[in-house]
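Trainee: Sharing a model that was predicted from the sequence below.
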Amino acid sequence: MKLIVLGFGQCGGRIADEFERLNRRAHSLRGIDIIVDSFAVNTDATDMSGLYSIKPTYQHRILIGAGTTHGHGVAKISEIGAEIAREDADKVLDAMRKNQKFYESDAFLVIASAAGGTGSGAAPVIAKAIKERFSDRPVYALIVLPFEHEETAEERALYNTAVCLKSISQVADAVILVDNQRYVRKDFSLQSNMTKINQMIVEPFFDMLCAGEEKRKNNIGAKVLDAGDIIQTLCGWSAIGYGEIKLPLITFPTDWSKNFRKRSTKTHKGIEAMDQALSELSIECNPNDAHRALFLLSAPSKEMNIEMVKELCDYLKNFAPQAIVRNGDYPREKGLLDVTVVLSELSDVEKIRHYYTKSANLVEEMKRRKKVQTSKAALTEEAGKDVPTLL
Ligand SMILES: Nc1nc2c(ncn2[C@@H]2O[C@H](COP(=O)(O)OP(=O)(O)OP(=O)(O)O)[C@@H](O)[C@H]2O)c(=O)[nH]1
Ligand SMILES: [Mg+2]
């Protein structure tokens, strides 16, 4: 599958940058392309200068709202982010269309954090504009939810998150939810944390995007998971997970038909990787609520067989009995067996309910605060009416 990737705000831009890096990896290691083009869109010029992989041209690192914010961001006010995006939407659409391979893409991927101002405001607005202009391809969103401490420290984060989730779910074909809190690892230093988290967020997409683009016979599975399977699966609230098991690099040929115990060990490795993928889903959810799902098994071809794929299918079906499960195998020459899982069309996600309920109380509170702020400002104005001014 080939994507056009657009990252909004600081978080979105950095994750889009990681996707561009994935593409370079696919290109140099596997000789295939999984991304047609990637863009960072921001109201903050400094944020974009810190990116590594997205082309450093003004048409790939697009500054929006320069007249309003002078390149300094919208300080968490997502309504301003949305307003600026409405004004500058054409700038983004025109930049995308300039790529000669634009029409080779299978889907758009819009990325942003929900808690900030620029990304959470701009992503739904531009997703809507893309959907209206290019109705032939799906628009997917990858939305990053705030860390727990951000939610408790700043009500704005909670409010922005709820508003962004509601808005993006009204326009995007699927919203892949990524909860920052689930990626926190104690062994990461604070400085390297974000980069590591971003790498962990994008890694599950690598094999999934590559599998259907392979041209070499040896790397084409018995059942290829292609763009069609992904498009049929991604719908509404979605989660993605990834699990891997290291394999010895040198193995001796075995006649599996005569060695049942070893064969079940082999299947066991697949189940172990799938278990890991399910326990490390990008958002906490109940697989029972999924109505669509897919998994991709990737390993050296001698490590996979039809029986193993079938057992993995049954295993996933057991967790997600309501889901239509699609699958594929992807033979790769490496000492690794990995499983990517997508759960989609989730009918319930507790965290979303939490944002919606908490922010419903905040809507009134925000209005009240605005009123108090305005009336206090009027009082101060009133008190200073007899003071002369120098202007
Ligand atoms: N995973 C991840 N989260 C990030 C990153 N940068 C910021 N965040 C999260 O994103 C939220 C803040 O949003 P930003 O993306 O910084 O905000 P913005 O869209 O640039 O909007 P403004 O700066 O308010 O104009 C917080 O929840 C951060 O924890 C990143 O590189 N990776
Ligand atoms: Mg910013």
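Mentor: Cool, the structure landed. Ligands and ions are numbered 1, 2, ... in the order given.
Trainee: all strands for the stretch 51-200 of the chain, in order.
Mentor: If DSSP state E, counting those that start in this stretch is used as the criterion, the strands of the stretch 51-200 of the chain fall at 61-63, 107-113, 139-145, 174-179.
Trainee: for the last one, which positions count as buried?
Mentor: Residues of strand 174-179 classed as buried by neighbour count (16 or more other CB atoms under 10 Å): 174-179. From N, CA and C alone the C-beta is placed, and that goes for glycine too.
Trainee: Over to the second one?
Mentor: Judged by neighbour count using 16+ other CB under 10 Å, the buried positions of strand 107-113 are 107-113.
Trainee: Quick one: closest of the strands of the stretch 51-200 of the chain to residue 365.
Mentor: The closest approach between residue 365 and any of the strands of the stretch 51-200 of the chain, judged by CB to CB, belongs to strand 139-145 at 21.1 Å.
Trainee: Touching the closest one from outside, list them.
Mentor: Taking contacts as CB atoms under 8 Å, 6 or more residues apart in numbering, the residues outside strand 139-145 that touch it are 11-12, 15, 107-115, 123, 127, 130-131, 161, 164-165, 168, 171-181, 201, 234, 283, 351.
Trainee: Strand partners (parallel or antiparallel) of it?
Mentor: strand 107-113 (parallel), strand 174-179 (parallel) (DSSP bridges).
Trainee: can you list contacts of the last one?
Mentor: By CB under 8 Å, 6+ apart, the list of residues contacting strand 174-179 from outside reads 138, 140-145, 165, 168-169, 201, 234-240, 282-284, 344, 349, 351-352.
Trainee: same question, the first one
Mentor: Outside strand 107-113, the residues within contact range by CB under 8 Å, 6+ apart are 1, 3-12, 15-16, 19, 118-120, 122-123, 126-127, 130, 134, 137-146, 164, 168, 172, 227, 230-231.
Trainee: where along the stretch 201-350 of the chain do the helices fall?
Mentor: Shown for the stretch 201-350 of the chain, the helices assigned by DSSP state H, counting those that start in this stretch span residues 205-211, 227-233, 260-279, 306-319, 350-383.
Trainee: Can you lay out those as CSV showing distance to ligand 1?
Mentor: Compiled in CSV, the helices of the stretch 201-350 of the chain are given as follows (distance: least, CB to the nearest ligand atom, whole Å):
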stretch, distance to ligand 1
helix 205-211, 14
helix 227-233, 23
helix 260-279, 19
helix 306-319, 26
helix 350-383, 12
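Trainee: Mean neighbour count, the ones you listed: which tops it?
Mentor: Here the criterion is mean neighbour count by mean count of other CB atoms under 10 Å, and of the helices of the stretch 201-350 of the chain the winner is helix 205-211, at a mean of 25.
Trainee: residue in the stretch 201-350 of the chain nearest to ligand 1?
Mentor: Taking CB to the nearest ligand atom as the measure, the stretch 201-350 of the chain has residue 201 as its residue closest to ligand 1, at 6.2 Å.
Trainee: Contact partners for that residue?
Mentor: Taking CB under 8 Å, 6+ apart as the definition, contacts of residue 201 comprise 15, 18, 142, 144, 178, 183, 282.
Trainee: Throw those into a markdown table and include distance to ligand 1 and pLDDT, thanks.
Mentor: Listed next are the contacts of residue 201 as a markdown table, based on distance: CB to the nearest ligand atom, whole Å; pLDDT from 0 to 100:
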| residue | distance to ligand 1 | pLDDT |
| --- | --- | --- |
| 15 | 6 | 98 |
| 18 | 9 | 98 |
| 142 | 10 | 98 |
| 144 | 5 | 98 |
| 178 | 7 | 98 |
| 183 | 7 | 93 |
| 282 | 11 | 98 |
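Trainee: quick one: residue 384 and ligand 2, what's the gap?
Mentor: To ligand 2, residue 384 is 35 Å away according to CB to the ion, to the nearest Å.
Trainee: And for residue 168?
Mentor: Residue 168 is 18 Å from ligand 2, where distance means CB to the ion.
Trainee: Over to residue 105?
Mentor: When CB to the ion is applied, the distance between residue 105 and ligand 2 equals 27 Å.
Trainee: Around that residue, how many other residues sit close by?
Mentor: Residue 105 sits with 21 neighbouring residues when counted by other CB atoms under 10 Å.
Trainee: my read: it touches residue 5, true?
Mentor: No. When contacts are counted by CB atoms under 8 Å, residue 105 is not listed as touching residue 5 (9.5 Å).
Trainee: Overlap in contacts, these two.
Mentor: With contacts taken as CB under 8 Å, 6+ apart, residue 105 and residue 5 have residue 37 as neighbours in common.
Trainee: on that earlier part again, so which of the strands of the stretch 51-200 of the chain comes closest to ligand 2?
Mentor: Comparing the strands of the stretch 51-200 of the chain against ligand 2 with CB to the ion, the closest turns out to be strand 107-113 (8.9 Å).
Trainee: May I have that closest one as CSV, with CA atoms only?
Mentor: Output of strand 107-113 as CSV, limited to C-alpha atoms (Å, rounded to 0.1, in the frame of the first residue of the first chain):
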residue,chain,number,x,y,z
ALA,A,107,-4.8,6.4,0.7
PHE,A,108,-4.1,9.5,2.7
LEU,A,109,-2.8,9.3,6.2
VAL,A,110,-3.4,12.4,8.4
ILE,A,111,-1.4,12.5,11.7
ALA,A,112,-1.8,14.8,14.7
SER,A,113,-1.8,14.9,18.5
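Trainee: now that strand, how far from the chain's geometric center?
Mentor: Here strand 107-113 shows a centroid-to-chain-centroid distance of 7 Å under the convention CA atoms, centre = their mean, to the nearest Å.
Trainee: and the longest strand for the chain?
Mentor: Scanning the chain for the longest strand, with DSSP state E as the assignment, gives strand 236-246.
Trainee: average pLDDT across that strand?
Mentor: Taken as a whole, strand 236-246 has a mean pLDDT of 97.
Trainee: Could you tell me the angle between it and strand 139-145?
Mentor: Calculated by axes from the mean of the first three to the mean of the last three CA atoms, to 10 degrees, strand 236-246 forms an angle of 70 degrees with strand 139-145.
Trainee: could I get strand 236-246 in CSV with only the CA atoms?
Mentor: Below are the C-alpha coordinates for strand 236-246, written out as CSV (Å, rounded to 0.1, in the frame of the first residue of the first chain):
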residue,chain,number,x,y,z
GLY,A,236,-14.0,3.8,12.3
TRP,A,237,-12.1,3.6,15.6
SER,A,238,-9.1,1.4,15.2
ALA,A,239,-6.0,0.1,17.0
ILE,A,240,-2.8,-1.4,15.8
GLY,A,241,-0.3,-3.7,17.6
TYR,A,242,2.9,-5.5,16.8
GLY,A,243,4.8,-8.4,18.4
GLU,A,244,8.1,-10.1,17.4
ILE,A,245,10.1,-13.1,18.3
LYS,A,246,13.8,-13.4,17.5
